[in-house]
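A.B. asks: sharing a sequence plus its predicted fold:
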Protein chains: 2
Amino acid sequence: MSAGKQLKPTESELEILRVLWEKGPSTVREVHEILEQSKDAGYTTTLKLMQIMHEKGLLERDASSKTHIYAAAVSQENTQRQLLDKMIDTVFNGSASQLVLQALGNHKSSKEELEKIKQYLNEIEKQQRK
Amino acid sequence: MSAGKQLKPTESELEILRVLWEKGPSTVREVHEILEQSKDAGYTTTLKLMQIMHEKGLLERDASSKTHIYAAAVSQENTQRQLLDKMIDTVFNGSASQLVLQALGNHKSSKEELEKIKQYLNEIEKQQRK
DNA sequence: ATTTGTTTACGAAGATATTCGTATATTCAT
DNA sequence: ATGAATATACGAATATCTTCGTAAACAAAT
């Protein structure tokens, strides 16, 4: 179970991961109070989800005190890459640049962000010339 | 039902849409024979899915002859944008450029594609300067 | 006309994801 | 110690997605 590949989180699981990535290790109640702001589900629903995620290996928990502390067991970056790769594959027919054009076209990006992307492109091209 | 917003296709539905986007209007059997190559499911499974998609408004069909002809009722571009927007929102905290950097970093893109992206960036910056 | 093959229609089983009610345990204040 | 508040554990109801078995409709060939 330890070396297994990371499995794709569901929608609800992703919401919980986002809270934990942002806030760091937290109790069920803390997570639930954040989620409540944008959706309505009972406390035990959040609890159950986090228990399942723990079984799946998506979360770690410290059960030494009565109130358990949960933390993300998968990194945000890995998860982003996993989901992005899948989308490129299944939605954009494997073409990352097609996805990039769509993404840039439909969202305002700050000048700094655009500049960063351009620098990055230059680096890639420099590498390719070798 | 006609003016309703496009709803998100499921995984299986997306597979069918991809075939129809590529091949154009097709019969269930034609779609099924493509799908068979990469997954194994019975014919009636494909049929049922396409019937459901028709109910949902994802597919149109011509039932004038015995063998019905199905066609995508949603465009590839709209669907890509819809799914991409959702991913930016839920996975990349609303930052399109963060997604772009990830996408460029983990996939080989051809020189022409990279050039196209750079030109696109320049256009965006030119517009912003105004 | 009967058989054979292909199609759609329908219903329901199976799988997975989401939700919550209820029971039990623990802590803390009184 | 007792009661109130809060936690976890567990099981099950609900919803959604996927799959397929079976029946009925239709067409073509014999």
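C.D. replies: Good, I have the coordinates.

A.B. asks: got the angle for the worst-scoring helix or strand of chain A on mean pLDDT vs helix B:111-129?
C.D. replies: Among the helical and strand segments of chain A, the one scoring lowest on mean pLDDT, DSSP states H and E is helix A:111-129, with a mean of 83. Counting by axes from the mean of the first three to the mean of the last three C-alpha atoms, to 10 degrees, helix A:111-129 lies at 160 degrees to helix B:111-129.

A.B. asks: for helix A:111-129, packing partners?
C.D. replies: helix B:96-105, helix B:111-129 (3 or more C-beta pairs under 8 Å, 6 or more residues apart in numbering or on different chains; DSSP states H and E). Heads up, the C-betas are built off the backbone N, CA and C, glycines and all.

A.B. asks: pick the most deeply packed of those helices.
C.D. replies: Most buried of the helices and strands packed on helix A:111-129 by mean neighbour count (mean count of other C-beta atoms under 10 Å in any protein chain shown) is helix B:96-105; its value is a mean of 21.

A.B. asks: JSON lines for the helices and strands packed on helix A:111-129, including distance to residue B:58?
C.D. replies: Converted to JSON lines, those look like this (distance: least, C-beta to C-beta, whole Å):
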{"stretch": "helix B:96-105", "distance to residue B:58": "25"}
{"stretch": "helix B:111-129", "distance to residue B:58": "30"}
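
A.B. asks: surely residue A:82 and residue A:5 touch.
C.D. replies: No. With contact defined as C-beta atoms under 8 Å, residue A:82 does not count as touching residue A:5 (9.3 Å).
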